[in-house]
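Fold the following and give me the result.
(3 chains)
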Amino acid sequence: MRILLVEDTHDVGEAIARRFEATGHAVDWETNGRDAAEIIDFTEYALIILDVMLPGMDGFEILKRIRKSGNAVPVLILTARSEIDDRVGALDLGADDYLVKPFDFRELEARARVLMRRHTGGEATNLIKCGDIAVDRGTRSVHVGKREVQLKRRELTLLEVLVGRPGRVFSKDELLDQIFGFDEAANANAIELYIGRLRKKLEGAKAHIVTVRGLGYQLVPGDAP
Amino acid sequence: MIRICFALLVAGFTAAQALAAESNKTLFPAVQPDAGTLTIYSTTDLVAIKPLIEDFQKSSPDVSIDYNEYLTNELNALASEACRKQEPLGDLLLSSSVDQLLKLANDGCAAAHTSPETLRVAEWANWRDEVFGFTYEPAVFVYNRSKVPPAEVPRTHVELADLLRERLDYYRGRVGTYDIRLSGIGYLLAFNDARQTTTVFGRLLESMARASAVARCCTGEILEEVAKGNLYIGYNMLGSYAYDAAQRHPELGVVVPRDYTLVLSRGALIPKGAQRADLGARFLDYLLSERGQSVARTNAFYFTESGELPPGVDGPQNLKESGVAQPIRIGPALLAVQDRAQRQRFIEDWSQSLIELNSPAWTRE
Amino acid sequence: MRPEALQHGPSLFGRLARRISFVLFIGAALLVSAAWYYAETAANKAYDRLLVGAALQMAESLSVEDGILTARLPTSAFELLGLADRDRIFYRVIDTHGQTLTGYDDLKTPTPLERAQDPLSVEEGVYKGEPVRIAHATRILADPAVSGRAYVIVAQTNEARLALTRELTLRATILVFIMSLLAFAGAMLAIRYALQPVEQLGTEVRGRDPHDLTPVTVDVPRELDPFVSSINHFMGRLNERVDLLQRFIADAAHQIRTPLTALTAQIDLLGTGKLDKAGRQHFNRVKERTSELSRLTNQLLSHAMVIHRADSVQLEPISLVDVARRAYRVAIPVTVDPDIVISFEAPDDRPLVLGDAVSLREAIVNVIDNALRHGTDQRLEVRVRASGTQAFVEVEDDGPGIPPESWEKATQRFATSKSREGSSGLGFAIAQEVANAHGGTLSFRARDERGFTVVLSLPLYRGVAK
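Numbering: from 1, shown residues only, chains lettered A, B, ... in the order given. Below you'll find the model as predicted:
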């Protein structure tokens, strides 16, 4: 996917670009704010990674321009600034996420992935429920009762599958296909791992995942133990 | 005919004191254990003061009272001398001659005393809280009912003067009054008579002189003689004594003059530096108190400032309301009365008018 | 910026009141003294007339009868003197030969009569140990029998004079007192009125938001202008300082973070592929140290930021749930260990607190971050709840927790127990700083079977959100 990186510090820009290129993305790297702003006007990106302090035009200005023109491209802001004088945060200006420098590069990569997937997924905001478990596909948040539980991407996908058709028994293979797709190599043990984690994270919920021996797993909304 | 009562001409004070102390001393011992002796020097007759002293001892049973009675001039002489020597005379002085007490106070011989009782005293009867008037005694006429026919009873000073002039022969030698040379009260009353209206006093004095009025030292003597019928009329008698005598001798009549009536208030004074000034003050308070005044009214002095005249006294219904009462104010004006030149000449004038006119009678005796 | 309890000096009003009452007191004392003097003079004049009148009357009463000088002292003279009803009266009449005719033989005028210039005189004197006023009148007799000067001396004690003097003085004193009171009350009102602008200025300055460093604009009398401009000058300087500090922190943030980011970027680029075992060990150590440095830098800057914001940012009603959720998102990295159960629980209503969202977020982020790094084993729960007048953000983890004896130390900068190696220790300090700036507290709840909890409590805001 095509990513625009706007970062004037060479060392940093290089590292980011390399990381994303290594995972098969095309990275356009700009060091000047004004140039970047122009490029955005006529190029479509899957993600824009934007530094705040830039020569030419600062990151917030660019962000404002993007949003003003109605462009919904996910924007991840990198900031070295202290929020000491920030009356308005990056998120308020329409950024989808932000990271404060110095950051962990794996974290940057992970967040970027989340943003890109969310964007391409393009799912409408909808809520699916099973018993006291609610999954918001839009915000990708999961509630157990009042409690909002943090789930990893695959755990969430797994839960979505199960919640989507409560009561139905999914086989391990079925779930493998749904979660990892065909291109990723994974085995049935991975499913057991995820089911285990999911159970742990849904602890306290009335709805629960039941193991049907030899067949697979099902989500039961009821009050059975 | 004039007979002067030369009772005691003060020749030497010490001698007089010694003599008086023996003859006129009365002791009222305390009923209860003695808290002290109150020494009173007084001109008031023992009979008059006795009920008061006895009543006082009911409320203060621990006080003995040494009561010494003198004539006014004697008392004055003793007190002046004592004051000059700074040896206070007794603890309380009572005198009908308030002018003398006033002079003593003016000379600094009195101690001031204030108490709730002294506040009750009329303003005219209190000087400097040192001299207090504790009685109310009109100067009255007395007459013998059997000798003076009712129609002739004089009710004013002028009537008296006229009566003596009209019935000169009948009343010759039958009118008695104080000898002002001997009696302080006599002098005080005469002086004030003179101040009232000189014409009336002049006429009266002249009439009395012509009627060969007799002068006596003391009220008692005149009253006695009037009661006996030796004298027919007594002039300027102290109301209290007169009324007291009238009660004992029904033939005595008492007249409170209707033109003006001099009112004398017996004075009380606590000598400065008195040994038992506290007891003196106690007795003084008693005299001025409601109780003391009431006892005085019933037993000794009979007349009061605001009340009616005692029964049987001929006079205006109420002295104060009728306006005839002329209280002799206890104040500095009395100093004029006490002025020695004044006194000397007044007495000379008086003697000339009253006595020298009668010198034939004087020589006759 | 909150001042220590101000030492109150004497108030301007008190000082003026004291001075004025002092002046009034002196004035009143002078007036009363003057009143006494005048009253005494007046009383003396009044009673001296009586005295002289009496003396003249007595002198007038002298006459020669039969060749002898006689005195018929008129009672009216005594009555005249008797108008001073408590005073003792002494008199003496001296004939042409200097012999006492009547009265008190030892009464003398202070100035011997032979030397007296005037036929009449009034003097102060003492008689019988009493202070008296002594008057004398002279009568010149030209009778063939008696000729020469006869004298009348009249003395009177001073009681009536003193009484009159006292009464007059008392009345004057009452008047002076009333006037002084009125003057004092008037002066106090005037001072109050005059000091009103000072009060207003005080109220304005006091009522100001501590973060408002704009110039004071109150209408004050000319006299206060220097004061106001000093305040404004001071405010201006303070504002500059605040700005400067802000710029400094912002610059420092940028200037440190950028190279630090570059450093981490380079380490990231380096990778581990080409390294032998020892090299990998060194590489990992460098990586660890760099991330520690990053974290410390962030915390230091964060700390500076919250301190600065506490002084310069106005508090607003904000939803604690929103702030906490945002902090929760920021603090939990996407790359967190998937085996940890992490949850966020918020109440149905949205408790509001008066606060600075950025600082509060920073505080909560630090608490969560701390829990994540040092506490959490399998579970981390963030809860927002409200109860009574307080709102709480609770961060609970299933780790070993901090023993109660170390709680106090935990909130101190860089003070961490040895067991929590590697902690930079500023997290709790920041959170506590923020809590205090918001009128709240940071506390710990001892570990129970569920876990150890850090509680940030803040007073609930009762108004309506903007």
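
so what's the residue nearest to the spatial centre of chain A up against?
In chain A, the centroid-proximal residue (Cα atoms, centre = their mean) is A:V114; its distance is 1.9 Å. By Cβ atoms under 8 Å, 6 or more residues apart in numbering or on different chains, the residues touching A:V114 are A:D97, A:R153, C:V334. No exception for glycine: its C-beta is placed from N, CA and C like everyone else's.

Now stretch B:282-293: buried residues?
Under the neighbour-count criterion of 16 or more other Cβ atoms under 10 Å in any protein chain shown, stretch B:282-293 has B:R282, B:F283, B:L284, B:D285, B:Y286, B:L287, B:L288, B:S289, B:G292, B:Q293 buried.

measure that stretch end to end?
End-to-end span of stretch B:282-293 (Cα to Cα, to the nearest Å): 14 Å.

ok, longest helix in chain A?
Longest helix in chain A, counting residues (DSSP state H): helix A:105-121.

so what does the helix or strand that it is followed by touch, helix or strand wise?
Remark: after helix A:105-121, the chain's next helix or strand is strand A:127-130, criterion DSSP states H and E. Strand A:127-130 sits against strand A:133-136, helix A:153-164, with contacts defined as 3 or more Cβ pairs under 8 Å, 6 or more residues apart in numbering or on different chains; DSSP states H and E.

Could you list every helix and strand in contact with the last one?
Helices and strands touching helix A:153-164, by 3+ Cβ pairs under 8 Å, 6+ apart, are strand A:127-130, strand A:133-136, helix A:172-180, helix A:188-201, strand A:216-220.

let's see 6 Å
Applying 3 or more Cβ pairs under 6 Å, 6 or more residues apart in numbering or on different chains; DSSP states H and E, one finds that helix A:153-164 contacts strand A:133-136, helix A:172-180, helix A:188-201.

Within its sheet, name the partner strands of the following helix or strand past the longest one and how each one runs.
Read it as helix A:188-201. Using DSSP H and E, the helix or strand that follows helix A:188-201 in sequence is strand A:208-212. With DSSP bridges as the test, strand A:208-212 is paired with strand A:216-220 (antiparallel).

if you average pLDDT over the partner strand, what comes out?
Per-region confidence: strand A:216-220 scores 87 on mean pLDDT.

got the contact list for it?
Here strand A:216-220 makes contact (Cβ atoms under 6 Å, 6 or more residues apart in numbering or on different chains) with A:C130, A:L162, A:P166, A:V169, A:F170, A:S171, A:K172, A:I195, A:I209, A:V210, A:T211, A:V212.

buried ones in it?
For strand A:216-220, the neighbour count (16+ other Cβ under 10 Å) marks A:G216, A:Y217, A:Q218, A:L219, A:V220 as buried.

Likewise for stretch B:122-138?
Under 16+ other Cβ under 10 Å, the buried positions of stretch B:122-138 are B:125-138.

follow-up on the earlier one: and the longest helix of chain A, which residues are buried?
Buried residues in helix A:105-121 (16+ other Cβ under 10 Å): A:F105, A:L108, A:E109, A:A110, A:R111, A:A112, A:R113, A:V114, A:L115, A:M116, A:H119.

Can you check the pLDDT for the nearest residue to the first one once chain neighbours are set aside?
Nearest residue to A:F105, sequence neighbours excluded (Cβ to Cβ, 6 or more residues apart in numbering or on different chains): C:D268, at 4.4 Å. Model confidence at C:D268, given as pLDDT, is 83.

Am I right that C:D268 is in a helix?
Yes. Assigned with DSSP: H, G, I helix; E, B strand; the rest coil, C:D268 falls within a helix.

quick one: it and chain B, what's the gap?
Separation of C:D268 from chain B (Cβ to the nearest Cβ, to the nearest Å): 114 Å.

Verify the contact between that residue and A:I16 for me.
No. Judged on Cβ atoms under 6 Å, C:D268 makes no contact with A:I16 at a distance of 8.9 Å.

Looking at these two now, which is surrounded by more residues?
A:I16 (27 against 20; other Cβ atoms under 10 Å in any protein chain shown).

SS state for that one?
Secondary structure, three-state DSSP: A:I16 is helix.

Grab the nearest non-local neighbour of it.
A:L5 (5.6 Å).

So what's the residue count around C:T102?
C:T102 has 22 nearby residues by other Cβ under 10 Å.

er, C:R289 I mean
11.

What helix or strand is it located in?
Secondary structure from DSSP H and E places C:R289 in helix C:277-312.

swap in C:L69?
Secondary structure assignment for C:L69, by DSSP H and E: strand C:68-71.

Now look at the helix or strand that that strand is followed by and say if it contacts chain B.
Going down the chain from strand C:68-71, the next helix or strand is helix C:75-81, by DSSP H and E. Yes. Applying Cβ under 6 Å from any Cβ of the partner chain, one finds helix C:75-81 touching chain B at C:T75, C:F78, C:E79, C:L81.

of these, closest to C:H438?
Of all the residues of helix C:75-81 next to chain B, C:L81 has the smallest distance to C:H438: 91.4 Å, by Cβ to Cβ.

how much space between A:R117 and chain B?
Noted for A:R117: a distance of 113 Å to chain B, by Cβ to the nearest Cβ.

What of C:T173?
Counting by Cβ to the nearest Cβ, the gap from C:T173 to chain B is 25 Å.

I figured that residue hits C:S33, correct?
No. If you go by Cβ under 6 Å, C:T173 and C:S33 don't touch, sitting 10.3 Å apart.

Pick out whichever of these two has more residues nearby.
More crowded of C:T173 and C:S33, by other Cβ under 10 Å: C:T173, with 17 against 11.

for that one, what are its contacts?
Counted by Cβ under 6 Å, 6+ apart, C:T173 has contacts C:V32.

pLDDT score assigned to the nearest residue to A:Q178 once chain neighbours are set aside?
Ranked by Cβ to Cβ, 6+ apart and with sequence neighbours excluded, the top spatial neighbour of A:Q178 is A:V161, at 5.0 Å. We have a pLDDT of 84 for A:V161.

Same question for A:G138.
You'll see A:G138 listed with a pLDDT of 69.

And B:S359, by the same measure?
At B:S359, pLDDT is 45.

Please produce JSON lines containing the helices and strands packed on helix A:153-164, extended by distance to C:L69 and mean neighbour count.
Putting those into JSON lines (distance: least, Cβ to Cβ, whole Å; neighbours: other Cβ atoms under 10 Å in any protein chain shown) gives the following:
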{"stretch": "strand A:133-136", "distance to C:L69": "141", "mean neighbour count": "19"}
{"stretch": "helix A:172-180", "distance to C:L69": "156", "mean neighbour count": "17"}
{"stretch": "helix A:188-201", "distance to C:L69": "143", "mean neighbour count": "17"}
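
which one of those has the lowest average pLDDT?
Among those, helix A:172-180 carries the lowest mean pLDDT (a mean of 80).

Can you tell me what sits against stretch A:57-65?
By Cβ under 6 Å, 6+ apart, the list of residues contacting stretch A:57-65 reads A:G33, A:R34, A:A37, A:L50, A:D51, A:V52, A:V75, A:L93, A:G94, A:A95.

Which of the residues of helix C:75-81 next to chain B ranks first by neighbour count?
In those, the most neighbours by other Cβ under 10 Å go to C:L81, 29 neighbours.

So that residue versus chain A, what's the distance?
Taken as Cβ to the nearest Cβ, the span from C:L81 to chain A is 99 Å.

For that residue, list the residues it contacts.
So C:L81 contacts B:P332, C:A54, C:I89 (Cβ under 6 Å, 6+ apart).

how does it look with 7 Å?
Shown in contact with C:L81 (Cβ atoms under 7 Å, 6 or more residues apart in numbering or on different chains): B:P332, C:L50, C:A54, C:I89, C:Q156.
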